[in-house]
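K.L.:
the following comprises the amino acid sequence and a computationally predicted model.
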Amino acid sequence: MKRTNILFAAIIGLISTTVQAAPTLPNFDLGIKAGANFAKLDGKSWDAGYKASFLGGVFLGLRFPKVGVQVEGLFSQTKYTTSGVEFYNVYKAAPGVVFNPLVDSAKHHNFNVSYFNIPVLLEIKLLPILWVQLGPQYSGIVSINDKDNFVKDSKSLFKSGDFSGVVGLEAKLPFHLVVGARYVLGFSSMNNTNVSGAWQQRVIQAHVGFSFL
């Protein structure tokens, strides 16, 4: 409930700022987008490299001549890779985390985590076609695929969702096309174990889209 209240407060605040800054009638925008997600977890015993995955979804915008608000619903996939035996040694004693004894703990194992992301973005016009986008994002976990069955219940490792900050650029091109790039910085930890240390998301995104309006 607390996270929901924060998200709604962010939406109301961004819309209020936009309306006060530009009291003329807005243009509405509705479209779809798809792209690439390059993600990693910053934290003890995770591989530091960015891994590529898919993202896609819909966006709804309310836009004045120089400012706007855009809300999106995005399905995104991420791949988090353990550091091998170090990961096993750190978390083997954590309550609720049960490793499969038949799986090689020294390997670098992958957890493919699917999220539903809700970014709420304030837009500021820089150039005739270029807009800055910034704001909060809530990401809720949809599924976790532990292909090697390294952990008997992989959901025991991760919290169900987190809040992040988003900053990026988006170009509104002719023929209703949009292209953009973003950086997503996790504010909360995804670590659901009792072992100290934050697991924070770091994501680079690139996307293309089409606006119906």
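P.N.:
Looks like it arrived, so ask away. Numbers count the residues shown, from 1 in each chain.
K.L.:
next structured bit after the helix or strand bottoming out on mean pLDDT in the chain?
P.N.:
The element with the least model confidence among the helices and strands of the chain, by mean pLDDT, DSSP states H and E, is helix 2-21, at a mean of 56. Towards the C-terminus, the helix or strand next in line after helix 2-21, according to DSSP states H and E, is strand 27-42.
K.L.:
strands paired with that following strand, and their directions?
P.N.:
Next to strand 27-42 in the sheet, as set by DSSP bridges, lie strand 51-63 (antiparallel), strand 200-211 (antiparallel).
K.L.:
below-threshold pLDDT in this protein: ranges please.
P.N.:
Residues of the chain meeting the criterion pLDDT under 70: 1-23.
K.L.:
residue furthest from the geometric center of it?
P.N.:
Checked against the mean C-alpha position of the chain, the extreme residue using CA atoms, centre = their mean is residue 102, at a distance of 33.0 Å.
K.L.:
got the phi and psi for it?
P.N.:
Here the main-chain torsion angles of residue 102 (degrees, to the nearest 10) amount to phi -90, psi 0.
K.L.:
go ahead and confirm residue 82 touches residue 109.
P.N.:
Yes: using CB atoms under 8 Å, residue 82 is in contact with residue 109, at 4.9 Å. Bear in mind the C-beta positions are built from the backbone N, C-alpha and C, glycine included.
K.L.:
make TSV out of the strands paired with strand 27-42 and add mean neighbour count.
P.N.:
What follows is those, written out as TSV (neighbours: other CB atoms under 10 Å):
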stretch	mean neighbour count
strand 51-63	17
strand 200-211	18
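K.L.:
what is the burial count for residue 76?
P.N.:
The burial metric for residue 76, expressed as a neighbour count using other CB atoms under 10 Å, is 23.
K.L.:
can you give the contact residues for stretch 194-204?
P.N.:
Here stretch 194-204 makes contact (CB atoms under 8 Å, 6 or more residues apart in numbering) with 37-44, 46, 50, 76, 78, 90-91, 94-95, 139, 158, 162, 164, 181-191.
K.L.:
circling back to that earlier point, can you redo the strands paired with strand 27-42 as CSV with distance to residue 132?
P.N.:
Formatted as CSV, the entries for the strands paired with strand 27-42 read as follows, by distance: least, CB to CB, whole Å:
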stretch, distance to residue 132
strand 51-63, 13
strand 200-211, 15
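K.L.:
so which of those comes closest to residue 143?
P.N.:
strand 51-63 (12.9 Å; CB to CB).
K.L.:
other residues contacting that closest one?
P.N.:
Contacts of strand 51-63 (CB under 8 Å, 6+ apart): 15, 18, 26-40, 68-81, 112, 117, 123, 205, 207, 209.
K.L.:
circling back: out of the strands paired with strand 27-42, nearest to residue 152?
P.N.:
Closest to residue 152 of these is strand 51-63 (CB to CB; 23.3 Å).
K.L.:
and residue 208, what does it touch?
P.N.:
33-35, 177-179.
K.L.:
switch to 10 Å and redo it
P.N.:
Listed by CB atoms under 10 Å, 6 or more residues apart in numbering, the contact set of residue 208 reads 32-36, 173, 177-180.
K.L.:
can you select the buried ones among those residues for me in PyMOL?
P.N.:
When burial is assessed using 16 or more other CB atoms under 10 Å, the buried subset of those is captured in PyMOL by this command:
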select buried, resi 33+35+36+178+179+180
